[in-house]
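[1] Provided below for reference: sequence and predicted model.
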Amino acid sequence: MTGKAAIYHFTDKSAHRPKIYRDQLNALKAYAASVGFDVVDVFCDMSLKRFERTEFDRFLSCSEQYDALITKDFYHISKNTGKCMGILQELRKKGLQVYSVENGIYISEDPPLDEALRVASYTCIHGIPDEIREILPVKNDILKLFTTKKTKWILTDQYTDQSPHQRDRELVQLKMLLDNRDKYDILLVHNLNDIHWRTANFFRIREQLHMDIYSLQEGLLKYRMRISA
């Protein structure tokens, strides 16, 4: 074993869930062993509501004593992409590796700014049409300026969606980006919520992209294939 791990999981209070809950915990323990960690503590909340997730808060208060956190997916950390990334970054600063069965390992590194990478940018904006017409050129120009002044990247294409709710049918440009993903080495965004504000949907799209993502707000998010248990 390479270190001590904690497991975090949540479930609801339904009488129909106990067996599923136990099976999921056993699967998480097996996964932890497969990636080289000894599970020393399990933190489980019996509610899906954030304000009732006292065990997660208890884990955060003592997280320094572990080498890794194991969870089913990053949605279990937070349903909001931005909040989830913030927590993952804080845990990484404390020295924890964060592993999830469904979403892989959280890896954050310095961006390869000096490499001549092929880049696509993506922006998803909300608001009424008049506001969007003003914001769109500015947001795209900021991404262009960043690649020109701060990197050796080659900004090949820019994609932008207007989407009130980020429903799949609204994200026409994102679909085009996914269709063309083999043309690019990295995706550039203002923040990860541009891809999707819901953590589960963000990681579903990330899995389809199969590439690193650089966010001006959150930094580089490395893509790695999932490690199977």
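    Sure, I can see it. Since we're looking at a predicted model, the values are computed, not measured.
[2] Mind telling me what element the residue nearest to the spatial centre of the chain is part of?
    With distances taken as C-alpha atoms, centre = their mean, residue 203 lies nearest the centre of the chain, 5.6 Å away. Using DSSP states H and E, residue 203 sits in helix 199-209.
[3] name the helices or strands packed onto the helix or strand following that helix?
    Following helix 199-209 in sequence order, the next helix or strand is strand 212-215 (DSSP H and E). Secondary-structure packing of strand 212-215 (3 or more C-beta pairs under 8 Å, 6 or more residues apart in numbering; DSSP states H and E): strand 186-189, strand 219-221. For every residue, glycine as well, the C-beta is placed using N, CA and C.
[4] Of all the ones you listed, which one is nearest residue 138?
    Smallest distance to residue 138 across the helices and strands packed on strand 212-215 (C-beta to C-beta): 14.9 Å, for strand 186-189.
[5] Thought residue 73 was touching the residue nearest to the centre of the chain, still the case?
    Yes - using C-beta atoms under 8 Å, residue 203 and residue 73 qualify as a contacting pair, with a distance of 7.0 Å.
[6] Which pLDDT does the model give the residue lying closest to residue 88 once chain neighbours are set aside?
    Nearest non-adjacent residue to residue 88, counting by C-beta to C-beta, 6 or more residues apart in numbering: residue 106, 4.7 Å away. Here, the pLDDT recorded for residue 106 equals 93.
[7] list the buried ones in the longest helix that the chain contains?
    Longest helix in the chain by number of residues (criterion: DSSP state H): helix 129-150. Neighbour counts over helix 129-150 (16 or more other C-beta atoms under 10 Å) mark 135, 139-140, 143, 146-147 as buried.
[8] do stretch 48-64 as well
    For stretch 48-64, burial by neighbour count (16+ other C-beta under 10 Å) applies to 53, 55-56, 59-60, 63.
[9] Of those residues, which pair is most distant in space?
    53 and 63 (14.5 Å).
[10] picking that back up, neighbours around the closest residue to the residue nearest to the centre of the chain other than its chain neighbours, how many?
    Once flanking residues are discounted, residue 203 sits nearest to residue 103: 4.5 Å by C-beta to C-beta, 6+ apart. Counted with other C-beta atoms under 10 Å, residues neighbouring residue 103 total 24.
[11] Next up, the contacts around residue 103.
    Taking C-beta atoms under 8 Å, 6 or more residues apart in numbering, we find residue 103 in contact with 73-74, 203, 206-207, 226.
[12] now do 10 Å
    By C-beta atoms under 10 Å, 6 or more residues apart in numbering, residue 103 lies in contact with 71-77, 84, 199-200, 202-204, 206-207, 226.
[13] Same check on residue 12?
    Going by C-beta under 10 Å, 6+ apart, residue 12 touches 21, 45-49.
[14] ok, the residues you listed vs residue 122, which is closest?
    Comparing the contacts of residue 12 against residue 122 with C-beta to C-beta places residue 48 closest, at 29.9 Å.
[15] For that closest one, report the pLDDT, please.
    As predicted, residue 48 sits at a pLDDT of 73.
[16] Which residues are in contact with it?
    Taking C-beta under 10 Å, 6+ apart as the criterion, residue 48 is in contact with 10-13, 76, 79.
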